[in-house]
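Student: Sequence and predicted model, in that order:
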Amino acid sequence: MGAEAKEIKEAEFDLKIDTSKMSQGKAEAMMVAESSRETKWENPSFAGGLFMGKFQLDLISPYPEQSAEDKAVGDKLIAEASAFLKANLDADEVDRTREIPKKVMDGLTRMNLWAMKIPKEYGGLGLSQVNYNRVMAMVSSHCGSTAVLLSAHQSIGVPQPLKLFGTDEQKKKWLPRFAEGAISAFALTEPDVGSDPAKIGTTATPSEDGSHYLINGQKLWCTNGPIADILVVMARTPPIIKKGKEIPQITAFIVEKNMSGFEVVHRCDFMGLRGIQNGLLRFTNVKVPKENIILGVGKGLKLALTTLNTGRLTIPAASVGAGRQCLNIVRNWCNERVQWGLPVGKHEAVANKLAGMTATQFAMESVTWLASAMADRGGYDIRIEAAMAKLFCSESAWKMIDDTLQIRGGRGYERAESLRDRGEKAVPVERMMRDHRINRIIEGTTDIMHLFLAREALDPHMEVAAEVLLKHIPMGRRIRAGIHMAEFYSIWFPKQWINTSVFHTYSEFGPKLSGHMSFVERTSHKLARDIFISMGMYQNSLERRQMILARYVDIGIELFAMSACCARAKMLSDRDPKIEEPGHIANYFCKESKRRIESLFLAQENNDDRQANKIAKGVLNGDYKWMENDIIRVYED
Ligand SMILES: Cc1cc2nc3c(=O)[nH]c(=O)nc-3n(C[C@H](O)[C@H](O)[C@H](O)COP(=O)(O)OP(=O)(O)OC[C@H]3O[C@@H](n4cnc5c(N)ncnc54)[C@H](O)[C@@H]3O)c2cc1C
């Protein structure tokens, strides 16, 4: 083997993933993405442990309750901001005109909402993640566009990466500007680069003396981009050569809107969030000083992925806000609307939806506030919980809005302004549906979140087994790895057959919920065993079995949601034993969740994945084109 080939194999080995059967593009993307993963944590992940058969209840129970002091800060701001928005922000008008009025923008500045998460020393409000998310839930319940304006600015825009990785000089220079009303944006996506950010085409070429870079390229769908004063832009800097191999480098730059060569090419128009300013941006020889690099050359993707790890928590918060509004709408409507002699909420089909929605909302709140509190605690591996919360809440809120629309019947489909114009209450379910659909796409689509979570779920196994599976590393090393793996699994695997839940009664959770906690513990062992068996069965091809992986991930999410619900219900009933509702609703959610888990396990053995793959291949080949007959085609192929 030539020296270069050997080094490539070594790089693959470092990856712990066999890239030998991947296309060059996929292998390269995998290498960049893998090297940008956040891997160092002081504390373990509760949800991550579930995939390894570890039920570390002490990590989430007692359920973290917001301190009275922190709560008071959030309560005051929410009272002020909600009163202001109610009086000044007509969300349907924003939807129609595609503009958030100046008086609202000024009000946001006056309340310092552009600097909610910025530390007080830089003029910000220094909110905890929990309070920030509480505010975002409230804003989102009223106006999706305003919520996204604020969240793109500070969940992923310049304030967050600067707070996490900025130098003192950078923080002093830029953070105070956000307290004065400067708006920021996060520019990662490009026309050809969506879910796979490793393939970024925007370049940043260093000057000869290294004092600055010239940025060239385009960024698509950049929220706030058209109005942003300061943007964080991910660009490709020259590759470095490591052991003879070219390693792609992505670097994060702070770009100011007044830099010459920066241009807004187009403002995008979407089905929902019609008030956001989102655009296609062009960079032509934009000269950026090297001092504007955050975290360091080549660390841009790591910065982007780490920023998103906490940043995507805003989506669960926004979902919680939407879910609360849905409950408010259906409760009132189901009492008010009478058909067939009964309020519609008393017909069993609708009643069933009401129960499901209430349980779902309790679960969304439980995972959201748990993950947010974990982010505040710091040092905690938040990736898995945050990604689970994002996936679970964006999907659940979508279903809740759909149920709300269904329960509202024809009125659900009618625009709020039309309802108002003919004398009815302007209930904006139609707008909510359009506004919230995007949450299943941005900051990692549902499919990508499945892959992300599967990667993290498998990581402990890969730490132990990867060296054995990689065919290109020296035999001696593989044998040593094999011995280590055999030692590890000879202890770990039998343990997964021991029903440890018989040693714990979880009686502190009360008669209804204790059984659910035992179920979670037992099932985490089964999940871990099955994942291990699948790894053995599919080996390196498991990476391509996305449906198998997604089902494991969904089981893990259900277990996480069950645990969060029970821990939160316990916290609420410990606080006030007279209140029984949280226990009832957690119990209902867990029972439903168990059924979903059972059917997911069943589908792992009894599914039609292979047949689906075959049909999909036929679809791509055009074999089913005859099913597109007699239409006016979008694609004239
Ligand atoms: C309103 C809006 C706001 C946005 N705001 C921002 C922003 O502020 N900054 C920013 O940088 N970007 C932003 N984006 C971009 C957004 O993050 C991307 O749309 C998202 O990452 C998905 O990329 P894509 O649309 O190119 O889909 P693609 O990556 O092209 O994916 C298309 C489909 O294929 C699936 N898919 C792709 N790869 C795989 C795979 N390996 N396995 C299985 N399925 C796969 C996806 O799940 C999806 O269903 C925004 C987009 C919108 C619409």
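Tutor: Ah, there it is. Numbers count the residues shown, from 1 in each chain.
Student: Quick check: the residue of the stretch 101-250 of the chain nearest the ligand.
Tutor: Residue of the stretch 101-250 of the chain nearest the ligand, by CB to the nearest ligand atom: residue 194 (1.8 Å). Using the backbone N, CA and C atoms, a C-beta is placed for each residue, glycine as well.
Student: what about that residue, how many residues close to it?
Tutor: For residue 194, the neighbour count with other CB atoms under 10 Å is 15.
Student: Check what pLDDT it gets.
Tutor: On pLDDT, residue 194 comes in at 92.
Student: Nearest residue to the residue positioned nearest the centre of the chain in space, please, no chain neighbours.
Tutor: Nearest residue to the geometric centre of the chain (CA atoms, centre = their mean): residue 390, 3.7 Å. Excluding the flanking residues, the one nearest residue 390 by CB to CB, 6 or more residues apart in numbering is residue 312, at 4.5 Å.
Student: right, and the helix or strand after the strand or helix carrying residue 573?
Tutor: Taking DSSP states H and E as the criterion, residue 573 maps to helix 546-575. Counting by DSSP H and E, the next helix or strand C-terminal to helix 546-575 is helix 581-605.
Student: Give me the angle between that next one and helix 546-575.
Tutor: Relative orientation of helix 581-605 versus helix 546-575 (axes from the mean of the first three to the mean of the last three CA atoms, to 10 degrees): 160 degrees.
Student: And helix 581-605, what's buried?
Tutor: 582-583, 585-590, 592-594, 597, 600-601, 604 (16 or more other CB atoms under 10 Å).
Student: circling back to that earlier point, could you grab the helix/strand/coil label for the residue nearest to the centre of the chain?
Tutor: Secondary structure, DSSP: H, G, I helix; E, B strand; the rest coil: residue 390 is helix.
Student: where does it land on pLDDT?
Tutor: 97.
Student: show me the contacts for it.
Tutor: 312-313, 315-316, 443-444, 449 (CB atoms under 8 Å, 6 or more residues apart in numbering).
Student: Likewise for residue 138?
Tutor: 78, 81-82, 321.
Student: If we check the ligand, which of those are in contact?
Tutor: Among these, no residue sits close to the ligand (CB under 6 Å from any ligand atom).
Student: just the buried members of these?
Tutor: 78, 81, 321.
Student: I'd like these laid out as TSV, including pLDDT and secondary structure.
Tutor: Formatted as TSV, those follow (pLDDT from 0 to 100; DSSP: H, G, I helix; E, B strand; the rest coil):
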residue	pLDDT	secondary structure
78	98	helix
81	98	helix
321	98	helix
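Student: circling back to that earlier point, so which of the contacts of residue 390 is surrounded by the most neighbours?
Tutor: Neighbour max across these (other CB under 10 Å) = residue 316, 32 neighbours.
Student: ok, that one to the ligand distance?
Tutor: 16 Å (CB to the nearest ligand atom, to the nearest Å).
Student: Contacts only, for that residue.
Tutor: 133, 364, 367-368, 371, 389-390, 392-394.
Student: give me that answer again for 10 Å
Tutor: Going by CB atoms under 10 Å, 6 or more residues apart in numbering, residue 316 touches 133, 136-137, 323, 364-365, 367-369, 371-372, 385-386, 388-394, 396-397, 439.
Student: What score does it have for pLDDT?
Tutor: 97.
Student: how many neighbours does residue 549 have?
Tutor: Quick note: residue 549 (other CB under 10 Å) scores 22 neighbours.
Student: how about residue 255, secondary structure?
Tutor: strand.
Student: Residues of this structure that sit close to the ligand?
Tutor: Close to the ligand, as judged by CB under 6 Å from any ligand atom, the chain has residues 152, 186-189, 194-195, 221-223, 270, 273, 278, 438, 441-442, 445, 447-448, 451, 546.
Student: Any of those buried? List them.
Tutor: Using 16+ other CB under 10 Å, the buried members of these are 152, 186-189, 221-223, 273, 278, 438, 442, 448, 451, 546.
Student: relative to helix 546-575, how tilted is the one helix or strand residue 612 maps to?
Tutor: In this structure, residue 612 sits in helix 609-621 according to DSSP H and E. Calculated by the same axes, to 10 degrees, helix 609-621 forms an angle of 120 degrees with helix 546-575.
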